[in-house]
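Peer 1: This is a predicted model, with the sequence first.
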Amino acid sequence: MDARPHASRKKRKGRRSQTSKSSELPTLKAQRGKAESFSPPPHPKRRKVEPSSNSKSQPGFLEKYHAGYQEQMLHWPQQPVNTIIKWLKSHSSSLTVADFGCGNATLARNVKNKVFSIDLVSNDPSVIACDMAHTPLESISIDVAVFCLSLMGTNYHNYLLEAKRVLKPSGWLLIAEVRSRFDPNNGGANPDEFCEAIEQLGLSLLSKEKPAFRYVANAKLIGFQDFSNKMFVMFYFKKTERSIKVKSIEWPELKPCIYKKR
């Protein structure tokens, strides 16, 4: 006699469990929809990835960072993004560009090149919002990878590793950073050690000399540094065909940028 009510209770419990699971499906689908909401361009091909948790947990921080960045740049006599724009205009407009940490996508708006603007979070529909260490760009699909004041965080080397992945053979890596971050006399990283790490990643010296640049003192002449500007430093690299052991690379710590309120 007791078995029937017990079985009935089990069935009712099972129905509640199924109802509970089915009610979760729209939420899960909605979450997947957010990660895949942008329409991928026709070229290059891209693999699907979800944004990192940081993009969801720190949107306020990133908005303040972008605002501080824009305000600080107004007081600089020369903008690093303009240096990169000038460089791109001196090369073929057929080069495909990936702008890592693009901010307000100034680079894409000022060149004729196809530019994939990438940032951790963005309200701009033209910007691909994702973890810069795991972009949806296809491997070996980019001619020029750009980091304009965007090597933030202790895992910045993962961004550079991702840039190396998407670059074509002989592709360019252009890095613009605040000069104080590479001042070892005041707590900054040693620029030679920074370049050595990138060389071990599989990138090497720019092939064409320019008198305003100073070369790294190293047996293999790694990297290419422009210290002619008082506010920022430019690094120019080209991708090589060498295989690498990423775990063995020692990356120097880059101190954070502090934007002063005015």
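Peer 2: Arrived safely, thanks for sending.

Peer 1: CA atoms for contacts and neighbours, from now on please.
Peer 2: Will do.

Peer 1: Show the model's pLDDT score for residue 88.
Peer 2: At residue 88, the pLDDT value in this model is 98.

Peer 1: Ignoring the adjacent residues along the chain, who's closest to it?
Peer 2: Residue nearest to residue 88 in three dimensions, not counting chain neighbours: residue 111, with 7.4 Å by C-alpha to C-alpha, 6 or more residues apart in numbering.

Peer 1: cool, and residue 152?
Peer 2: Closest to residue 152 by C-alpha to C-alpha, 6+ apart is residue 256, at 7.1 Å.

Peer 1: Report the contact partners of the one you found.
Peer 2: Listed by C-alpha atoms under 8 Å, 6 or more residues apart in numbering, the contact partners of residue 256 are 152-153, 181.

Peer 1: same check, this time on residue 102
Peer 2: Counting by C-alpha under 8 Å, 6+ apart, residue 102 touches 117-119, 127, 147-148, 150.

Peer 1: what does residue 253 give?
Peer 2: Residues near residue 253 by C-alpha under 8 Å, 6+ apart: 154, 188-189.

Peer 1: Redo these as TSV? Include neighbour count, distance to residue 199 and secondary structure.
Peer 2: Below are the contacts of residue 253 laid out as TSV (neighbours: other C-alpha atoms under 10 Å; distance: C-alpha to C-alpha, whole Å; DSSP: H, G, I helix; E, B strand; the rest coil):
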residue	neighbour count	distance to residue 199	secondary structure
154	13	19	coil
188	17	20	coil
189	19	16	coil
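
Peer 1: Are we agreed that residue 171 is in a strand?
Peer 2: Yes - the assignment for residue 171 by DSSP: H, G, I helix; E, B strand; the rest coil puts it in a strand.
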